[in-house]
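> give me coordinates for this.
(one chain, ligands or ions: 2)
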Amino acid sequence: MDPRIVRTQPIPGQKPGTSGLRKKVRTFEQTGYLENFVQSVFDTQPELSGGALVIGGDGRYYNRDAIQTIVRMAAANGVRQVLIGRGGILSTPAASCLIRKYGTQGGLVLSASHNPGGPNGDFGIKFNVSNGGPAPENVTEAIYARTLTIERYLTLEAPPIDLEQLGTQRLGPLQIEILDPVADYADLMESLFDFDAIRYLFDSGLFRMRFDAMHAVTGPYAIEILERRLGAEPGTVINGEPKEDFGGGHPDPNLTHAPELVAMTRGADALDFAAASDGDGDRNMILGKGFFVTPSDSLAVLAANAHHTPGYRNGIVGLARSMPTSRAADRVAEQLGVECYETPTGWKFFGNLLDDGRITLCGEESFGTGSSHVREKDGLWAVLFWLNLLAVHQQSVEHIVRNHWQRFGRNYYARHDYEGVDAEAAERLIDDLRGRLPGLAGTTLGGREVAFADDFAYTDPVDGSTSAHQGLRIGFADEARIVYRLSGTGTEGATLRVYIESFEGDPARHDLETETALAPLVAIAREFAQIEARLGRVAPDVVT
Ligand code: VG1
Ligand code: CO
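Ligands and ions are numbered 1, 2, ... in the order given. Got it, this is the predicted structure:
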């Protein structure tokens with residue numbers, strides 16, 4: 001089984017975005033497309049030769065084909081061992097868990113996260129480094145540079161490996177281990193949270209919850225952890241069977257894309273608790289009875305209550321949030337006397353802070369929360385964290401959040417997405433806005449005084465690397481804020497994201513509808529960026 005050298009040529013556009021290379025399945029199916037990218041990983045990461053690699057994905061269409069291709073290429077490139085989840089399944093946080101637990105040199109995670117799947121949907125591939133986290137920018141840049149000069153890839157002729165059979169197989173010198181995708185991850189969760197207390201909560205019969213796996217990767221994980229290990233009633237996990245096309249749905253856990261679950265938290269028969277995760281299991285949505293927890297608030301609440309859980313009983317050393325995430329977490333950090341770091345969007349920026357022991361928890365407004373336990377955001381982890389708090393406090397979700405607002409104040413928050421807009425028009429909108437920011441501080445917009453306005457740039461405090469142009473910020477003297485940036489995960493046109501936040505310290509004003517509270521700022525944000533005139537959109541496509 002000698003390696004075969006296949007001639008190829010560079011394919012433009014293989015630059016990883018916020019979270020890996022994401023394209024239409026049809027693009028990935030082009031001759032050499034996946035191979036070029038994978039070979040570029042092997043060519044730029046020499047430690048993989050003779051090393052070990054975790055491989056798995058969210059089970060979407062093309063997952064299995066991609067794994068077969070990658071395994072043959074790994075063998076031809078001298079990889080010693082690959083660890084693969086049975087059926088090719090690994091949630092993104094479980095992949096991170098395995099890389100860390102088995103000390104591999106990295107992993108290839110196959111997912112386009114919350115983007116729809118199927119032959120006409122999206123696919124994606126992401127290289128994670130040996131700390132278990134997404135490759136930092138210098139690594140993704142090197143991989144991309146390689147895709148522009150590549151001339152050959154290495155593979156071998158071999159029959160497909162058996163992805164269903166647990167245990168060891170060989171492909172020439174390559175040792176292939178098919179692992180239970182759930183067990184190691186479930187053990188890790190059990191080590192962090194008070195499973196006895198949560199089991200007691202379920203046993204009481206007074207507490208009803210549903211977890212919506214959205215026919216994506218978390219089904220098997222949630223069934224094992226919630227129903228088997230914690231004794232939640234059968235049927236607690238809904239849409240628990242992973243499907244290649246996610247049942248035709250859009251596996252994005254938010255109020256727009258999980259309406260069925262949201263409905264279950266309302267009305268006479270409302271659940272006490274409901275949660276959902278996305279395609280690859282790294283996002284989470286938390287709902288109480290008739291109550292939605294904003295992801296930015298969720299991070300702040302978890303941080304303020306971390307010491308109530310076994311895994312974080314000694315408290316947290318520091319916090320981090322992505323720049324567009326609301327500043328609710330900053331207030332908690334301040335009271336706890338710890339640092340709160342502000343990073344660009346994307347989990348890769350948390351890696352150094354976690355590795356260096358500067359932070360324990362981190363999160364993003366985009367339904368992402370996580371901690372030092374792995375190097376990815378982690379949907380089920382957040383759900384278990386909330387369950388642990390509900391068991392300890394014996395209070396409703398709403399009560400816990402309202403108490404939090406009383407103590408720290410409330411950050412009203414919303415994100416408005418304008419999807420599939422003309423890419424050039426969106427770029428121009430951002431460029432023109434950028435040019436108008438200098439000189440804005442000290443003036444007023446819609447009667448509000450601007451305190452600062454800038455193009456966010458980040459210097460990593462651990463390795464000194466810099467990342468410029470990470471979003472435009474306009475901060476007001478009353479602590480309100482507007483942020484504009486373009487999405488780095490889409491596969492069609494551009495998506496403009498507008499993030500709007502205001503702060504309310506007075507508990508008497510904590511009951512407003514978010515829409516009402518933010519209406520004046522939304523108007524400022526739309527007018528200042530001339531969204532309607534430039535993009536031809538009168539309203540956002542999705543509000544979260
Ligand atoms: C989006 C979110 C970002 C998140 C990223 C990956 O990126 O805004 O916070 O880290 O998706 O999440 P963008 O560039 O489209 O705004 V996932 O669940 O797709 O791995
Ligand atoms: Co995801």
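
> which other helices and strands does the helix or strand where Leu319 lies contact?
In this assignment (DSSP states H and E), Leu319 forms part of strand 318-322. Packed against strand 318-322 by the contact rule (3 or more Cβ pairs under 8 Å, 6 or more residues apart in numbering; DSSP states H and E) you find helix 295-305, helix 328-336, strand 339-343, strand 361-364. Where you see a C-beta, it was placed from the backbone N, CA and C, and this is true even at glycine.

> could I get these as TSV with distance to Thr466 and mean pLDDT?
As requested, the helices and strands packed on strand 318-322 are exported to TSV (distance: least, Cβ to Cβ, whole Å; pLDDT from 0 to 100):
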stretch	distance to Thr466	mean pLDDT
helix 295-305	25	98
helix 328-336	22	98
strand 339-343	12	98
strand 361-364	20	98
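
> how many residues are close by the residue nearest to Gly59 when sequence neighbours are not counted?
Computed as Cβ to Cβ, 6 or more residues apart in numbering, the closest residue to Gly59 that is not its neighbour in sequence is Pro242, at 4.3 Å. Using other Cβ atoms under 10 Å, the number of residues around Pro242 comes to 24.

> correct me, but Pro242 touches Ala222?
No - if you go by Cβ atoms under 8 Å, Pro242 and Ala222 don't touch, sitting 11.0 Å apart.

> report the set of residues contacting both of those two.
Both Pro242 and Ala222 are contacted by Ala213, under the criterion Cβ atoms under 8 Å, 6 or more residues apart in numbering.

> contacts for the helix-or-strand element of the chain with minimal mean pLDDT?
The helix or strand of the chain with the lowest confidence, counting by mean pLDDT, DSSP states H and E, is strand 542-543 at a mean of 93. For strand 542-543, contacts defined as Cβ under 8 Å, 6+ apart pick out 254, 256, 414-417, 419.

> out of the helices and strands packed on strand 318-322, which comes closest to ligand 1?
Proximity to ligand 1 (Cβ to the nearest ligand atom) singles out strand 361-364 among the helices and strands packed on strand 318-322, at 4.0 Å.

> just confirm yes or no for the closest one near ligand 1.
Yes - counting by Cβ under 6 Å from any ligand atom, ligand 1 is contacted by strand 361-364 at Glu364.

> packing partners for that strand?
Using 3+ Cβ pairs under 8 Å, 6+ apart, the elements in contact with strand 361-364 are helix 295-305, strand 318-322, strand 368-371.

> could I get the ones you listed as CSV with distance to Ile125?
Shown next, in CSV, are the helices and strands packed on strand 361-364 (distance: least, Cβ to Cβ, whole Å):
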stretch, distance to Ile125
helix 295-305, 26
strand 318-322, 22
strand 368-371, 19
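
> what's the closest of these to Ala533?
strand 318-322 (29.0 Å; Cβ to Cβ).

> contacting residues around the residue of the chain at minimum distance from ligand 2?
Residue nearest to ligand 2 within the chain (Cβ to the ion): Ser113, separated by 3.2 Å. Going by Cβ under 8 Å, 6+ apart, Ser113 touches 19, 22, 58, 92, 124, 278-280, 282-283, 489.

> doesn't it fall inside a helix?
No - read with DSSP: H, G, I helix; E, B strand; the rest coil, Ser113 is coil and lies in no helix.

> what parts of the stretch 1-150 of the chain come near ligand 2?
Proximity of the stretch 1-150 of the chain to ligand 2 is confined to Ser113 under the rule Cβ under 5 Å from the ion.

> flag the shaky bits of the stretch 1-150 of the chain, pLDDT-wise.
Within the stretch 1-150 of the chain, no range satisfies pLDDT under 70.

> and the residue of it nearest ligand 1?
Ser113 (2.9 Å).

> count of residues packed around Asp454?
Neighbour count for Asp454, taken as other Cβ under 10 Å: 15.

> what's across from it in the sheet?
Beta-bridge partners for Asp454, by DSSP bridges, are Arg473.

> gap between it and Ser467?
14 Å (Cβ to Cβ, to the nearest Å).

> if we can go back for a sec, any chance of a markdown table for the helices and strands packed on strand 318-322, columns mean neighbour count?
Shown next, in a markdown table, are the helices and strands packed on strand 318-322 (neighbours: other Cβ atoms under 10 Å):
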| stretch | mean neighbour count |
| --- | --- |
| helix 295-305 | 26 |
| helix 328-336 | 21 |
| strand 339-343 | 20 |
| strand 361-364 | 27 |
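
> of these, which approaches Val483 most closely?
Closest approach to Val483 among the helices and strands packed on strand 318-322 (Cβ to Cβ): strand 339-343, 11.2 Å.

> hmm, who's touching the next helix-or-strand element following the closest one?
Beyond strand 339-343 on the C-terminal side, the first helix or strand identified by DSSP H and E is helix 351-355. Residues outside helix 351-355 that contact it (Cβ under 8 Å, 6+ apart) are 129, 131, 133-134, 136, 318, 320, 341, 343, 359, 362, 372, 375, 460-463.

> same question for stretch 233-251.
With contact meaning Cβ under 8 Å, 6+ apart, stretch 233-251 is reached by 58-61, 63, 89, 114-118, 121, 202, 209-217, 219-220, 222-223, 226-227, 257, 260-261, 278-279.

> would you mark the buried spots in it?
For stretch 233-251, burial by neighbour count (16 or more other Cβ atoms under 10 Å) applies to 236-240, 242-246, 249-251.

> related to what we said a few turns ago, buried members of the contacts of Ser113 into PyMOL, please.
Buried subset of those, written as a PyMOL selection, criterion 16+ other Cβ under 10 Å:
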select buried, resi 19+22+58+92+124+278+279+280+282+283+489
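
> hang on, isn't Asp43 packed against Arg146?
Yes - using Cβ under 8 Å, Asp43 is in contact with Arg146, at 5.2 Å.

> for the two, list the residues in contact with both.
With Cβ under 8 Å, 6+ apart, Asp43 and Arg146 have no common neighbours.

> what about His250, which SS state?
Under the three-state scheme (three-state DSSP), His250 adopts coil.

> what score does it have for pLDDT?
pLDDT for His250: 92.

> just Glu177 next, same as before
pLDDT recorded at Glu177 is 98.

> can you flag the buried ones in the contacts of helix 351-355?
129, 131, 133-134, 136, 318, 320, 341, 343, 359, 362, 372, 375, 460.

> what about the residue lying closest to Val293 once chain neighbours are set aside, distance to Ala274?
Excluding the flanking residues, the one nearest Val293 by Cβ to Cβ, 6+ apart is Ile286, at 4.2 Å. Separation of Ile286 from Ala274 (Cβ to Cβ) stands at 8 Å.
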